[in-house]
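Enquirer: heads up, no residue letters with this:
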């Protein structure tokens, strides 16, 4: 929890022994570097900058730049072994020219789909769920632009964030789903 009362407070990470002004500013859960707001028992997903991993740092802090002090911090163990990116495989071409490069799990909530191709001719959406095969029992996964139907794609890289509390551990499949005709 953080009460949001700091005057100049941000997430910081650092490689020094203790939190200090020599840390690196980390964008908040909205990927912005705004002053931190109040957080009351929320789960957050923040991303360390500059193609680094959390194992490159010794601490994560709620740091007040004006007061030069930590309002709270956590030490990162030297032996910490963070989860690794996983490769899921590619979308296989079925209907509407759908195909992609190998889909990567970036973190617990983020999937990266390289070289995504879709002709845009169906009212399709990204859809995820549990079970052996895609079905109407699932949940919509928004694109970078929201919950709209998919546009035509000709090899773009897409980054999808699973909605709400859903993580990759909660789903068995991801597909391009046509809710009108109920097929993937």
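Expert: Thanks, I have it. Source: prediction; values computed, not measured.
Enquirer: strands of this protein, start to end?
Expert: Taking DSSP state E, the strands of the chain run over residues 9-14, 24-26, 59-64, 69-75, 86-89, 103-107, 110-118, 125-129, 139-141, 153-161, 173-177.
Enquirer: in TSV: those, plus mean neighbour count, mean pLDDT and distance to residue 49.
Expert: For every residue, glycine as well, the C-beta is placed using N, CA and C. Formatted as TSV, the strands of the chain follow (neighbours: other CB atoms under 10 Å; pLDDT from 0 to 100; distance: least, CB to CB, whole Å):
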stretch	mean neighbour count	mean pLDDT	distance to residue 49
strand 9-14	21	95	8
strand 24-26	15	93	6
strand 59-64	22	96	12
strand 69-75	14	95	18
strand 86-89	11	88	22
strand 103-107	16	89	14
strand 110-118	19	93	15
strand 125-129	21	92	27
strand 139-141	16	94	25
strand 153-161	15	93	16
strand 173-177	21	90	27
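Enquirer: so can I have TSV of those showing distance to residue 48?
Expert: Listed next are those as TSV, based on distance: least, CB to CB, whole Å:
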stretch	distance to residue 48
strand 9-14	6
strand 24-26	6
strand 59-64	9
strand 69-75	13
strand 86-89	19
strand 103-107	11
strand 110-118	14
strand 125-129	26
strand 139-141	24
strand 153-161	16
strand 173-177	25
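Enquirer: quick check: which of these is nearest to residue 37?
Expert: strand 9-14 (9.5 Å; CB to CB).
Enquirer: which other residues reach the closest one?
Expert: Defining contact as CB atoms under 8 Å, 6 or more residues apart in numbering, one finds that strand 9-14 is touched by 2, 19-20, 22-28, 33, 35-36, 46, 48, 54, 57-65, 71.
Enquirer: partners of residue 9 in the sheet?
Expert: residue 64 (DSSP bridges).
Enquirer: how far away is it from residue 23?
Expert: Here residue 9 is placed at a distance of 13 Å from residue 23 (CB to CB, to the nearest Å).
Enquirer: quick check: closest non-adjacent residue to the residue positioned nearest the centre of the chain.
Expert: Geometric centre of the chain, nearest residue: residue 110, 3.5 Å, by CA atoms, centre = their mean. Distances taken as CB to CB, 6 or more residues apart in numbering put residue 161 closest to residue 110, at 5.6 Å, once the chain neighbours are dropped.
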